[in-house]
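S.K.: Coordinates for the following, if possible.
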Amino acid sequence: MLNIKGSSILITGGTGSFGQAMTKHLCDKIKNIKRLVIFSRDELKQSKMQEKFPQKKYPFIRFFIGDVRDEKRITRALNGIDIVIHAAALKQVPSGEYNPFEVINTNIVGAQNVIEACLNTDVKKVVALSSDKASSPLNLYGATKLCADKLFIAANNYIGKKKLSFSVVRYGNVMGSRGSVIPLFIKQKEKGILSITDKEMTRFNITMTESINLVIWTIQNSYGADIIVPKIPSYRIIDVVKSICENCKIQIIGKRPGEKLHEEMISSEESSNTISTKKYYIILQQNNNAQKKYYNKKLFSKSLPKNFSYNSKSNSIFLSVADLKKLIKNSKTINEKI
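M.R.: Sure thing, here's the model as predicted:
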């Protein structure tokens, strides 16, 4: 088990919604972090983030301007780093359909650059953030995240005698994060008309706190060459509308380019290599007996039924309108955006 306390950590895409929330968690909850490097290419976001985490109060935080497309810059930033949380990505689905190679450069080439830099330094653990769109992808963003997942899993084949492992976490929409529909709905509420793509649409839902806990658990407990998938609820987009404004008119605008009606986190093809634990599903590397033995002993895991799939439509847990109202009301991430 890798101890986060006393470790040096780098977060790629560290000025994004997740990066800022993780930074706050590490500072307030974990504490005793030796060094925390915020790696991102946006100097304005870094400047604003430095105001939230001033050097006088957080002398262990280092803001490092760089792009995951630049392997040399990442390698320089990884000097003395123990743990890498890879959150940098271009993730807007419609934008990706019209700017495909830009997404490929960041999400695929950038992922390989992170891998190469970690293999050439003394990093001990890498956790890459993925997406439910990586399972049976329909859009380019999902396809790039699937490719990145496979790169990170395969990277474990090249570690040799190094004390290094690569793991992936795959989860659904983070409530209130950049790109989330909820802040948009709250703004549209003022005009009395909420625009949705399809009344039948469903999505997985995870809170920012849950996503942070997932990453922390993966750092401390994962074997490597695995994809950790949380057991989380789904919601119907029409219920999100009702939770925000029951009396508003609904405008159907149709699905955007590359958008799915329902999301999937584990396909039926992946399920044969997947185990179930109390809180997580874990997609294992094929024919990795040592990995399977590790999880059987550590978590008392069990195999999944044949042809199992983890889909937002067929999920056994759905958030009600009342559940959504409560989550939206209590979400600091959403309240900070409106």
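S.K.: Quick one: the helices in the stretch 201-338 of the chain, in order.
M.R.: Along the stretch 201-338 of the chain, the stretches classed as helices by DSSP state H, counting those that start in this stretch are 208-221, 237-244, 289-299, 321-330, 332-337.
S.K.: what's the closest of these to residue 169?
M.R.: helix 208-221 (5.4 Å; C-beta to C-beta). For the C-beta atoms, the positions are set from N, CA and C on the backbone; glycine is no exception.
S.K.: Report the buried residues of that closest one.
M.R.: 208, 210, 211, 212, 213, 214, 215, 216, 217, 218, 219, 221 (16 or more other C-beta atoms under 10 Å).
S.K.: Could you dump those residues into TSV and include distance to residue 183 and pLDDT?
M.R.: What follows is these, written out as TSV (distance: C-beta to C-beta, whole Å; pLDDT from 0 to 100):
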residue	distance to residue 183	pLDDT
208	13	94
210	19	96
211	17	97
212	19	97
213	23	97
214	22	98
215	23	98
216	26	97
217	28	97
218	27	98
219	29	97
221	33	96
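S.K.: Between those, which sits nearest residue 57?
M.R.: residue 212 (20.6 Å).
S.K.: wait, doesn't the closest one sit right on residue 22?
M.R.: Yes - under the criterion of C-beta atoms under 8 Å, residue 212 makes contact with residue 22 at 5.6 Å.
S.K.: quick one: contacts for residue 97?
M.R.: 139, 140, 257, 258 (C-beta atoms under 8 Å, 6 or more residues apart in numbering).
S.K.: Tell me, how many residues neighbour the closest residue to the first one other than its chain neighbours?
M.R.: Just to be clear, that refers to residue 139. In space, and not counting its chain neighbours, residue 139 is closest to residue 258: 2.9 Å by C-beta to C-beta, 6 or more residues apart in numbering. Look at residue 258: counted by other C-beta atoms under 10 Å, it has 20 neighbours.
S.K.: With the one 10 residues further on instead?
M.R.: Here the number of neighbours of residue 268 (other C-beta under 10 Å) works out to 15.
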